[in-house]
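> I would like to see how this sequence folds:
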Amino acid sequence: MLTVRVDLSAIIHNIRFIRSVTDTDFCAVVKSNAYGHGLCEVAKAVSDYVDCFAVATREEALNLVKSGIEKKILVFNYDFNGEKLPQNVIPSISSVEEAEALKGKAFEVSVAVNTGMNRFGVGACDFIKVFSAAEKQGLHIHGAYTHFFNESDEISCKKQFEMFIDAVSPIKDSGIKLHCCASNCLVLPHEYFLDMVRSGLAMYGYGYKGVVPATEIYTDVIWTGKVSAGDHIGYGDFIAEKNMEIASLRVGYGDGFRRIKNHFVSVNGVRCPVLGNVCMDVCVIDVTGLDCKVGQRAYILGKNVDIDGICVTHSTISHEVLTMINERAERVYVCRQERIKD
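Predicted structure coming up:
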């Protein structure tokens, strides 16, 4: 079976590390099934170490509430369907119309401000109009936030930050939470941290120095065999160029293991290439000289297969690698107490 092993103590360690850098409130971003780690399992494990949570959808927020999460839950992409929300669910708004639609339906809202990302949010010049509309509807304002589109571009970050501060300056002393940094707080100037940072990727141990990876993804060898030069392997037109020992793994694109070229997995600490096309439920690897046996583990992530290498090979980002494995995989949780002692 495909297994995602999640080290909860590593996630807690990372939260503490990020908080030591920022000295602000901490919002744990658990959208997209906590970046593939398990929405409710991660949220419950870290709840004592964070100030609030952030998700992408109403459904994710309600699932957290049902699981017993009582801390505030910011919803980035709220869809307005008319239902009344639990008091700790905070939808984001970007317009006067959205504020009006939530009258009597939400207790608190947060205002998303567009400073250049151009995917959602109210324009900076109209922020006060939306803020005032929300107050007029009797909605409490939890916070206002924006998002940097390129943490590596000092000039654009500075421009976005200044635009955000100008927009919120009339209400900056009102007590609402102002935030614009995500995991990029680990590389951005301290002045950008404001009242809170939102962390997803770094919380799970990826993308930034000082954090500890929390994830291993592995599966089992389910069959071994031998092929000769010229033999065909799998779907398509892959032909063995030499005599090879091969093994089949219980993982395929039906699990989210993408049907693309140049995959590697690790068996006995040795990187083994995937041969031919990934099937829906199975893939085949080259284990020549490894004395590979049925039942051995093959690591898709971990044990000499690191996330940066996967990203380079497949021209993608860590976020996609972590979220590619779907619900068909079993998720196993461990917590090493020595990592989280005060």
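
> what are the ranges of the strands in the stretch 201-342 of the chain?
Counting by DSSP state E, counting those that start in this stretch, residue ranges of the strands within the stretch 201-342 of the chain are 215-227, 244-249, 264-267, 270-275, 283-286, 297-301, 330-334.

> Run through the bridge partners of residue 197.
With beta bridges defined as DSSP bridges, residue 197 has these partners: residue 26, residue 181.

> Residue 98 is nearest to which of the strands of the stretch 201-342 of the chain?
The closest of the strands of the stretch 201-342 of the chain to residue 98 is strand 330-334. By CB to CB, the value is 34.8 Å. Using the backbone N, CA and C atoms, a C-beta is placed for each residue, glycine as well.

> got the angle between the closest one and strand 215-227?
For strand 330-334 and strand 215-227, the angle between their directions (axes from the mean of the first three to the mean of the last three CA atoms, to 10 degrees) works out to 130 degrees.

> List the buried residues of strand 330-334.
Of the residues in strand 330-334, those scored as buried under the neighbour-count criterion (16 or more other CB atoms under 10 Å) are residue 331.

> Then stretch 34-49?
Buried residues in stretch 34-49 (16+ other CB under 10 Å): 34-43, 45-47, 49.

> Rebuild the strands of the stretch 201-342 of the chain as a markdown table, extending it with mean pLDDT and distance to residue 108.
Formatted as a markdown table, the entries for those read as follows, by pLDDT from 0 to 100; distance: least, CB to CB, whole Å:
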| stretch | mean pLDDT | distance to residue 108 |
| --- | --- | --- |
| strand 215-227 | 97 | 33 |
| strand 244-249 | 97 | 47 |
| strand 264-267 | 94 | 46 |
| strand 270-275 | 95 | 48 |
| strand 283-286 | 97 | 47 |
| strand 297-301 | 96 | 37 |
| strand 330-334 | 96 | 31 |
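
> For those strands, give me CSV that also has distance to residue 105.
Compiled in CSV, these are given as follows (distance: least, CB to CB, whole Å):
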stretch, distance to residue 105
strand 215-227, 37
strand 244-249, 48
strand 264-267, 48
strand 270-275, 49
strand 283-286, 47
strand 297-301, 41
strand 330-334, 33
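
> Residue 53: which of the ones you listed is closest?
When the strands of the stretch 201-342 of the chain are ranked by proximity to residue 53 (CB to CB), strand 330-334 comes first, at 17.7 Å.

> Against which helices or strands is that closest one packed?
Strand 330-334 makes packing contacts with strand 3-7, helix 8-22, helix 39-46 when contacts are defined by 3 or more CB pairs under 8 Å, 6 or more residues apart in numbering; DSSP states H and E.

> how about a cut-off of 6 Å?
Contact here means 3 or more CB pairs under 6 Å, 6 or more residues apart in numbering; DSSP states H and E; on that basis strand 330-334 packs against strand 3-7.

> next one: the strand it packs on to chain centre, how far?
15 Å (CA atoms, centre = their mean, to the nearest Å).

> returning to what we had before: which one among the buried residues of stretch 34-49 gets closest to residue 8?
Distance to residue 8 across these (CB to CB) is lowest for residue 45, with 4.4 Å.

> ok, now which ones touch that closest one?
residue 8 (CB atoms under 6 Å, 6 or more residues apart in numbering).

> So what's the residue count around residue 65?
Each residue near residue 65 was counted by other CB atoms under 10 Å, and the total is 15.

> Same question for residue 212.
Residue 212 sits with 15 neighbouring residues when counted by other CB under 10 Å.

> Would you confirm that it contacts residue 204?
No. The criterion here is CB atoms under 6 Å, and residue 212 misses it with residue 204 at 9.5 Å.

> Of the strands of the stretch 201-342 of the chain, which is nearest residue 63?
Of those, the one closest to residue 63 (CB to CB) turns out to be strand 330-334, at 15.0 Å.

> quick one: contacts of that closest one?
Counting contacts by CB under 6 Å, 6+ apart, the residues touching strand 330-334 from outside are 1, 3, 4, 5, 6, 7, 8, 38, 41.

> Against residue 290, how distant is the last one?
Between residue 41 and residue 290 the distance is 34 Å, computed by CB to CB, to the nearest Å.

> how much space between residue 143 and residue 60?
As judged by CB to CB, residue 143 and residue 60 stand 18 Å apart.

> Same question for residue 319.
Taken as CB to CB, the spacing of residue 319 relative to residue 60 amounts to 16 Å.

> Residue 323 too?
Going from residue 323 to residue 60 by CB to CB gives 13 Å.

> of the two, who's got more company?
Comparing residue 323 with residue 60 by other CB under 10 Å, the one with more neighbours is residue 60, at 23 against 16.

> mind giving me the domain split of this structure?
Here the domain assignment for the chain is 8-204, 215-305, based on automatic domain parsing.

> Residue 231 reaches residue 240, doesn't it?
Yes. With contact defined as CB under 6 Å, residue 231 counts as touching residue 240 (4.9 Å).

> Between those two, which is the more surrounded one?
Taking residue 231 and residue 240 together and counting by other CB under 10 Å, residue 240 has the greater number of neighbours (18 against 14).

> For the more buried one, give me the pLDDT.
As summarised for this prediction, residue 240 has a pLDDT of 95.
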